[in-house]
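Trainee: Please find the sequence and the predicted model below.
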Amino acid sequence: MRKATQEYKNVEKAIEDGYGVDPENGEFDPASDFVSVYVPGMGFHFTNPALIAPDENAPYELTEPAMLVYYTTGNYRPEPFGQLDVDRLDDLRLGAAEFVYSGDIGAPANYFSDENAPRNLKVFEEEGWELIPQTPFTALHVWVHRGNPDGVFAPFNPRIY
């Protein structure tokens, strides 16, 4: 997954591929529903609505997450829950891919991890799936670009402002 989403370290490439773009008008708008406010411990979420799964039983493509989560460098410290400054795209770093489905039924099947692996996951995949507040969606963060001491599937990353 890390290799497949490597190209999205370039925010402009993510936008070009539909992340943060309103499908109605094809425009990138940091104040739209397709770019979240800055969530402390996570970052800005750029959504590609075409990649949101219709339900928890839909198959996921590991190379096509519905969201990309960008944190900021020390040069850019947005207010918590503040909007993205479009002039600061160069100060964003890809931290996580996020998989999303419509509904709040609970965790789908184990898609991404081998829970029998010898490493300690800290948070198993089924524990990482969470309802996104004030939305009809459930999502799973996968911290493949920024290490997370709380675990690859933990929703929040303490290394991120």
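Mentor: Right, received. Where do you want to start? Treat the numbers as computed from the prediction; the structure is a model and nothing was measured. Residues are numbered from 1 along each chain as shown.
Trainee: May I have the helix of greatest length in the chain as CSV, with CA atoms only?
Mentor: Ranked by number of residues, the top helix in the chain under DSSP state H is helix 11-16. Provided in CSV are the C-alpha atoms of helix 11-16 (Å, rounded to 0.1, in the frame of the first residue of the first chain):
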residue,chain,number,x,y,z
VAL,A,11,-0.4,16.9,-3.3
GLU,A,12,-0.9,18.2,-6.8
LYS,A,13,-0.9,14.6,-8.2
ALA,A,14,-3.6,13.7,-5.6
ILE,A,15,-5.7,16.7,-6.7
GLU,A,16,-5.2,15.8,-10.3
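Trainee: List of residues touching the next helix or strand after that helix?
Mentor: Scanning forward in sequence from helix 11-16 by DSSP states H and E, the next helix or strand is strand 21-22. The list of residues contacting strand 21-22 from outside it, by Cβ atoms under 8 Å, 6 or more residues apart in numbering, reads 15, 27, 28, 29, 32, 33, 34, 48. From N, CA and C alone the C-beta is placed, and that goes for glycine too.
Trainee: now the lowest-mean-pLDDT helix or strand in the chain, how far from the chain's geometric center?
Mentor: Ranked by mean pLDDT, DSSP states H and E, the weakest helix or strand in the chain is helix 125-128, scoring a mean of 83. Once both centres are worked out by Cα atoms, centre = their mean, to the nearest Å, helix 125-128 turns out to sit 15 Å from its chain's centre.
Trainee: So for it, what gets flagged as buried?
Mentor: By 16 or more other Cβ atoms under 10 Å, the buried positions in helix 125-128 come out as 125, 128.
Trainee: Which strands and helices lie in contact with it?
Mentor: When contacts are defined as 3 or more Cβ pairs under 8 Å, 6 or more residues apart in numbering; DSSP states H and E, helix 125-128 packs onto strand 137-142.
Trainee: which secondary structure elements does the strand it packs on contact?
Mentor: strand 92-102, helix 125-128, strand 130-131.
Trainee: right, so the ones you listed: which one is the most enclosed?
Mentor: strand 92-102 (a mean of 22; mean count of other Cβ atoms under 10 Å).
Trainee: next one: it to chain centre, how far?
Mentor: 1 Å.
Trainee: what angle separates it from strand 137-142?
Mentor: Here the directions of strand 92-102 and strand 137-142 differ by 140 degrees (axes from the mean of the first three to the mean of the last three Cα atoms, to 10 degrees).
Trainee: pLDDT of strand 92-102, averaged?
Mentor: Averaged across strand 92-102, pLDDT comes to 96.
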